[in-house]
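Asks: Output the structure for:
(3 chains)
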Amino acid sequence: MSDSRTTPFRDPTDESPLVKLLVILVGLAFLAFFLFLPLVGVFVEAFRKGGQAYVEALVEPDAVSAIRLTLLVAVIAVPLNLVFGVAAAWAIAKFEFKGKAFLITLIDLPFSISPVISGLVYVLLFGSQSLLGPWLKSYGIEILFAVPGIVLATVFVTFPFVARELIPLMQDQGTGDEEAALSLGASGWQTFWFVTLPNIKWGLLYGVLLCNARAMGEFGAVSVVSGHVRGLTNTMPLHVEILYNEYNFVAAFAVASLLAALALVTLALKTILELRFGAGGAGGRRH
Amino acid sequence: MDVTINHVRKEFARFPALNDVSLEIKSGELIALLGPSGSGKTTLLRLIAGLDQPTEGQIFFGEEDASHRTVQERNVGFVFQHYALFRHMTAGDNIGFGLKVRPAAIRPPKAEIRRRVGELLDMVQLSGLEKRYPNQLSGGQRQRVALARAMAIEPRILLLDEPFGALDAKVRKELRRWLREFHDRTGHTTVFVTHDQEEALELADRVVVMSQGKIEQVGSADDVYDRPGSPFVFSFIGESSQLPVRVAPGGNVLFNGRPIGIAERQEGDAMLFFRPQDVALTQETDALFGKVTACRRLAGTRIAEIDIANGGKAHHVEIEVPLDAAVTLGADLRFRPTRWTLFAGSKAE
Amino acid sequence: MTLAATSRWRWKQPSIIPGFGLTLGFSLAYLSLIILIPLAGLVWRTASIGWAQFFAVLTDERTLAALYISFGTALIAALINAVFGVLIAWILVRYEFPGRRLIDAMVDLPFALPTAVAGIALASLYAPKGWIGAIFMPFDIRIAFTPIGIIVALIFIGLPFVVRTVQPVMEEIDREVEEAAATLGASRFQTIFTVLLPGLAPAVLTGFALAFARGVGEYGSVVFIAGNIPYVSEIAPLLIVIRLEEFNYAGATAVATIMLAISFAMLLVINLIQAWSRKRYGYV
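Replies: Model (predicted):
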């Protein structure tokens, strides 16, 4: 049986090195074509005409106002969904009640709705053909094609992010800690601040990160409700679109590169949170 | 199929899991690899199966050196501790898997596979459950599906890793008896790993006691229980107590400098091992004595826990006392081992 | 009093933890204001269109073409993602190679990168003069501004859905299962294709459905690369936008309602797959 001696041993749960290499190369090629090259392309295009053109595109008044509006929208939308996420997770994770599964499905709803439809619903609700729109207008309140509409559409689109992150996390943690704190005489608020919040802070941060990334980057929903008024109702993604359609590619990619950088920072923080604190469990896998 | 393990050594990242292990398994034998966790028993089983490769040494299946045969070529039936059933396949498909994946030239036709699966299901008493998924079976049923699956390929040797480890006590007892009958009926060479000595002693023709990557003793249940070959085997199998003693010139065994009424041949420091039931109470002074710290009833007997003073410290021993003996907590009790073993020069475990 | 107590107990287990009324009340109010009432507005609006007009929009050739393109490209992209998503998850879970961690993190890029940015990046990359587009030009294959471009964008958008659904399930695979297959004589190839991949099927199916559902509704990354030629590369979400710009609210609403209905059907299918898988195999 000496003929078989030359066969080197291979772990039966492993592939041969050649197969491995091949599979890795195929996977990396796929990722390069669909993930890495587009990302690299953003920065290359942005700097195509040098650093000065890049900076000019960013300090131009319309760009500045787009950046400002994007930040404003995120500053309003994220905290709103943060408060909702914590409240919803508290009700769902700490209590047993009928209809819970249905409630979770409803919270997930915006994930399965096209962003364009998310914008459309507000157009239908507040547009000039609706009942509410003209009535509000008579009081001087503009929702559609104004900042409130953009905020609403963004809130809609980013609605589930924080809740989706917290619900599985808090369900896993159970109610033992809270019951212990309450039995030791803590009030409800004290229990939340000193017991629950420290337990969920990393998961919360994770959810906020994802929520913020989407809030700043949302395009479809915002595009429908914004009206595209330069310097007034243009967010960064909308500004990118306008510049791109005007064939002002360097400026478009310059603004886009800011958003891409935001995405990279988000990914970096997300990875750190996952590695350090194990945040982002099964529930965080879908958005 | 005889299996010979020849000076096998296995290292995991420089840590020796098995150290110069040799063992002969005779065809048709039911062998238990018994030892605490980390003793290398599962490593040995995996080496026989070909799931791992020995760092040194060979494993022979009959006359054939199997060391360089892949696991697929070895044709061993392996039953994993957690069964490793394919969850997306029915019990029947699980059992038929080994036949279905054979190369076309030696693959039985579909009808034949179905017939064999039916036979095996009968053999493991699961007829009628072939359409169930593993998830829909009880622990004991899964275990038998895993066994039938391993048997389907007509293995040269059957290997079972902690076959009853994941089952509750009652099912475990039933399956134990059932496996013994199964083995007697099929006559397969079988090796199973266990950390449960009761299981090993009751089931196996021969027990291989392992510790720290070495074989301590190989023998029948009587051998390892009545004639333990090492301090480890004595303390690992069954209840026992141990005391450091000295054998004086002339053969008297001394504890704490005093004779205790037993004699041995070889002089020098030694460790005295005895089992709780192998003692007799006595009134004589040349005996072991100590303070009774606790007394408990154990089924048909009574166990006394005794602290024997030795210089500054106390040795804790447990002995069986007759139900009618007068035992008072806190009082001294005198006894002598009636059967014992001395291991020269060894230290307390 | 007793009656109230028992009926109350029925839908909520008693608990000493405070805040149920406050948090649930707030959640429901917020959910209603932001999501449910606007959606109800859409449904109400659809109802008020009337069947005849709704049917006219539905059977309008341009609507049908847009729906066909949206669902067709999303289906193809999701299928491609199902294959490569599993492969990439496998690489990330099983293989050690330099940069694995980085690639693992980067798989989430489509979740984090604004769709408009992805859109212009892909468009310029796959345009005839772009880095990748130029490779295909000699073969007379145009990617950007054709339905192939839509598929490219949807592959980008959908990839993490498959990878992130399959990856945790793959991590849970018991090595013993693979060893068991090997002891039974299965080659590595047989083990992968008859044991491992079928075991992953429910997760792959879920990831596929998520990627598909997302692809159908995707707008930002597609409009830049699609070319947006009616009947050829015009997706349904874009048609909604166009109808809105024409102030054809009925048209926009009708298309939206159809898409919404199909999306909810998809959601239902996903949940059914998972329930079925859990019941049958005991895992998702």
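Asks: Tell me how many other residues surround B:Gly50.
Replies: B:Gly50 is flanked by 26 other residues according to other Cβ atoms under 10 Å in any protein chain shown. Quick note: C-beta positions are derived from backbone N, CA and C, even for glycine.
Asks: Might you list the low-confidence residue ranges for chain B?
Replies: Along chain B, segments meeting pLDDT under 70 span B:346-349.
Asks: what does it put close to chain C?
Replies: Chain B comes close to chain C at residues B:49-51, B:70-72, B:74-78, B:80-82, B:84-89, B:97-98, B:100-102, B:133-135, B:146, B:149-150, B:152-153, as judged by Cβ under 8 Å from any Cβ of the partner chain.
Asks: Buried ones among those residues?
Replies: Listed as buried from the residues of chain B next to chain C are B:49-51, B:70-72, B:74-78, B:80-82, B:84-89, B:97-98, B:100-102, B:133-134, B:146, B:149-150, B:152-153; burial here means 16 or more other Cβ atoms under 10 Å in any protein chain shown.
Asks: in chain B, what residue is nearest chain A?
Replies: B:Gln53 (3.8 Å; Cβ to the nearest Cβ).
Asks: Contact partners for the nearest residue to that residue once chain neighbours are set aside?
Replies: Using Cβ to Cβ, 6 or more residues apart in numbering or on different chains and skipping the chain neighbours, the partner closest in space to B:Gln53 is A:Phe9 (3.8 Å). Counting by Cβ atoms under 8 Å, 6 or more residues apart in numbering or on different chains, A:Phe9 makes contact with B:53, B:68, B:70.
Asks: so A:Phe9, which of the three states?
Replies: With DSSP: H, G, I helix; E, B strand; the rest coil as the basis, A:Phe9 sits in coil.
Asks: related to what we said a few turns ago, narrow the buried ones among the residues of chain B next to chain C to those in helices?
Replies: B:49, B:71-72, B:74, B:97-98, B:100, B:146, B:149-150, B:152 (DSSP state H).
Asks: where does the stretch 1-150 of chain C have low pLDDT?
Replies: Scanning the stretch 1-150 of chain C for pLDDT under 70 picks out C:1-10.
Asks: if we go to 90?
Replies: The stretch 1-150 of chain C contains residues with pLDDT under 90 at C:1-19, C:43-59, C:129, C:137-138, C:140-141, C:144.
Asks: can you map out the helices along it?
Replies: C:2-11, C:20-31, C:37-49, C:51-59, C:61-94, C:100-106, C:109-112, C:115-126, C:131-136, C:147-171 (DSSP state H, counting those that start in this stretch).
Asks: Which parts of the fifth one count as buried, going by neighbours?
Replies: Pointing back at helix C:61-94 there. Across helix C:61-94, burial judged by 16+ other Cβ under 10 Å covers C:62-63, C:65-67, C:69-71, C:73-78, C:80-82, C:84-93.
Asks: any idea of the angle that helix forms with helix C:51-59?
Replies: 60 degrees (axes from the mean of the first three to the mean of the last three Cα atoms, to 10 degrees).
Asks: counting contacts, what elements does helix C:61-94 pack onto?
Replies: helix A:17-31, helix C:100-106, helix C:147-171, helix C:197-217, helix C:236-245, helix C:249-281 (3 or more Cβ pairs under 8 Å, 6 or more residues apart in numbering or on different chains; DSSP states H and E).
Asks: Single out the most deeply packed of those helices.
Replies: A comparison of the helices and strands packed on helix C:61-94 by mean neighbour count, using mean count of other Cβ atoms under 10 Å in any protein chain shown, puts helix C:147-171 on top with a mean of 25.
Asks: Run through the neighbouring helices and strands of that helix.
Replies: Packed next to helix C:147-171, using 3+ Cβ pairs under 8 Å, 6+ apart, are helix C:61-94, helix C:109-112, helix C:115-126, helix C:197-217, helix C:220-226.
Asks: Of the buried ones among the residues of chain B next to chain C, which ones also sit close to chain A?
Replies: By Cβ under 8 Å from any Cβ, the members of those lying near chain A are B:50-51, B:70-72.
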